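**Student:** quick one: sequence and predicted model below, then my questions.
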Amino acid sequence: MAKRVLSDYDSPWKEALDVYFESFMELCFPHIHRDIDWQRGYESWDTELREIIRDAEIGNRVADKLVKVWLHDGEEVFVLIHVEIQTQYQKEFPRRMHVSNNRISDKYGREVISLAVLGDDDKNWRPTRFAYTRWGFISGTKYLMVKLLDFQPRWSELELSLNPFAVVIMAHLSTLETLGKPNQRFQSKLTLVRGLYERGYTKNEILELFRLIQWMMVLPKPLEISFKQEFKRIQEEGRVPYITDIELDGMVKATRESVVTALRTRFGVTPTQVSERLEAIEDLDVLRKLLEQSITIASVEEFQLRLNEIPLSEEALE
């Protein structure tokens, strides 16, 4: 059983599901995708999900998602997606699936279809049910599951697919495969980014997928510098829509502003010291983690304490 744990995978998966929910369903659960009336759209119920999960005391899962959809016959159905990315055995995962499904069904009186996305590296861990019995009594839940490792033999299919979620899955699998192998990750990352242009995506589509790849496939700083240089060369040689340094740097600025907005919305104020310290942080991954904390943390004072624990770079201290 693998013991490694991936760093902050919940956040990019949360964003990927937010942006590409329909594409995710089409690729991972095509039989469900066919039954949904996508022309009616869908509604995200993530705020309600956070309250239910908190009340159920089963942990705050950033990447879990609750969506209301309509079927072709007009019926409303809730789709509950649980994303489990850690690469170690999670004993409580089936129970969490069971409890969450029951809580949501009880609260809203609707069908709740639970889907599990398993992103770990253990090909044998495939939980699909939770149940307990005693004295003839039976209670349990059987849920649908997709194992991302199962897409590995379908790599050529993913490369040819125009479904943007294929890129998300390839980035995830490449990250798993290159744990502790920064040079190999560098090459894999370049290959994925080059593929964005070969698919003929628009500039905005490329930028969104590029952000997700950057978020998942973190490189040591020297290799990240080399990666950006190679990325520029790819753009220049291919005569493709050009993503400038300003646009890349804009990700940092936008994430920083989102942290400030989240704190102000939740607590009515963003202290000056918090704003100033956020301005000194240039690491996009750090800012993204702070953004997740700003959404879930109990108080602005606690957020400031965590913020002060983050060491600033030498450049920021000058």
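**Tutor:** That came through, no problem.

**Student:** show me where the chain has its strands.
**Tutor:** 42-44, 65-70, 76-84, 112-118, 129-134, 137-142, 144-147 (DSSP state E).

**Student:** now render those as a markdown table, adding mean pLDDT.
**Tutor:** Supplementary listing: those in a markdown table, determined by pLDDT from 0 to 100:
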| stretch | mean pLDDT |
| --- | --- |
| strand 42-44 | 90 |
| strand 65-70 | 91 |
| strand 76-84 | 81 |
| strand 112-118 | 91 |
| strand 129-134 | 95 |
| strand 137-142 | 95 |
| strand 144-147 | 93 |
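
**Student:** in the stretch 1-150 of the chain, where is pLDDT below threshold?
**Tutor:** Along the stretch 1-150 of the chain, segments meeting pLDDT under 70 span 1-10, 54-63, 84-89.

**Student:** same question, the stretch 201-318 of the chain
**Tutor:** For the stretch 201-318 of the chain, the ranges with pLDDT under 70 are 238-249, 312-318.

**Student:** redo that, cut-off 80
**Tutor:** 234-254, 265, 282-285, 288, 292, 295-296, 311-318 (pLDDT under 80).

**Student:** just to revisit the earlier point, quick one: closest of the strands of the chain to residue 51.
**Tutor:** Each of the strands of the chain has some distance to residue 51 by C-beta to C-beta; the shortest is strand 65-70, at 10.5 Å. Glycine gets a C-beta too; all of them are placed from N, C-alpha and C.

**Student:** who does that closest one touch, helix- and strand-wise?
**Tutor:** Strand 65-70 sits against helix 10-19, strand 42-44, helix 46-56, strand 76-84, with contacts defined as 3 or more C-beta pairs under 8 Å, 6 or more residues apart in numbering; DSSP states H and E.

**Student:** select, out of these, the one closest to residue 126.
**Tutor:** With C-beta to C-beta as the measure, strand 76-84 is the member of those nearest residue 126 (11.3 Å).

**Student:** quick one: buried residues of the closest one?
**Tutor:** For strand 76-84, the neighbour count (16 or more other C-beta atoms under 10 Å) marks 77-84 as buried.

**Student:** stretch 257-269 now?
**Tutor:** Residues of stretch 257-269 classed as buried under the neighbour-count rule (16+ other C-beta under 10 Å) are 258-260, 262-263, 266-267.

**Student:** hmm, back to that, including distance to residue 153, could the helices and strands packed on strand 65-70 go into a markdown table?
**Tutor:** Formatted as a markdown table, those follow (distance: least, C-beta to C-beta, whole Å):
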| stretch | distance to residue 153 |
| --- | --- |
| helix 10-19 | 22 |
| strand 42-44 | 31 |
| helix 46-56 | 33 |
| strand 76-84 | 21 |
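
**Student:** residue 11 is nearest to which of the strands of the chain?
**Tutor:** Taking C-beta to C-beta, strand 76-84 is the member of those nearest to residue 11, at 10.9 Å.

**Student:** contacts for the closest one next, please.
**Tutor:** Applying C-beta atoms under 8 Å, 6 or more residues apart in numbering, the set of residues contacting strand 76-84 from outside is 10, 13-14, 17, 25, 32, 45, 49, 61, 63-71, 90, 93, 96-97, 100-101, 104-105, 108, 110-120, 143.

**Student:** over to stretch 163-172?
**Tutor:** Outside of stretch 163-172, the residues within contact range by C-beta under 8 Å, 6+ apart are 9, 13, 16, 20, 23-24, 26-28, 119, 148, 151, 155, 158-159, 192, 195-196, 201, 205, 208-209, 212-213, 216-217.

**Student:** now it: mean pLDDT?
**Tutor:** Stretch 163-172 shows a mean pLDDT of 96.

**Student:** just how off-centre is that stretch within its chain?
**Tutor:** Between the centre of stretch 163-172 and the centre of its host chain there is 11 Å, according to C-alpha atoms, centre = their mean, to the nearest Å.

**Student:** let's see it as PDB, backbone CA atoms only.
**Tutor:** These are the backbone C-alpha positions of stretch 163-172, laid out as PDB (Å, rounded to 0.1, in the frame of the first residue of the first chain):
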ATOM      1  CA  ASN A 163     -13.100  16.900 -24.100                       C
ATOM      2  CA  PRO A 164     -11.200  19.400 -21.900                       C
ATOM      3  CA  PHE A 165     -11.500  17.100 -18.900                       C
ATOM      4  CA  ALA A 166      -9.300  14.600 -20.700                       C
ATOM      5  CA  VAL A 167      -6.500  17.100 -20.100                       C
ATOM      6  CA  VAL A 168      -7.300  17.300 -16.400                       C
ATOM      7  CA  ILE A 169      -7.100  13.500 -16.100                       C
ATOM      8  CA  MET A 170      -3.800  13.400 -18.000                       C
ATOM      9  CA  ALA A 171      -2.400  16.100 -15.800                       C
ATOM     10  CA  HIS A 172      -3.400  14.100 -12.700                       C
END
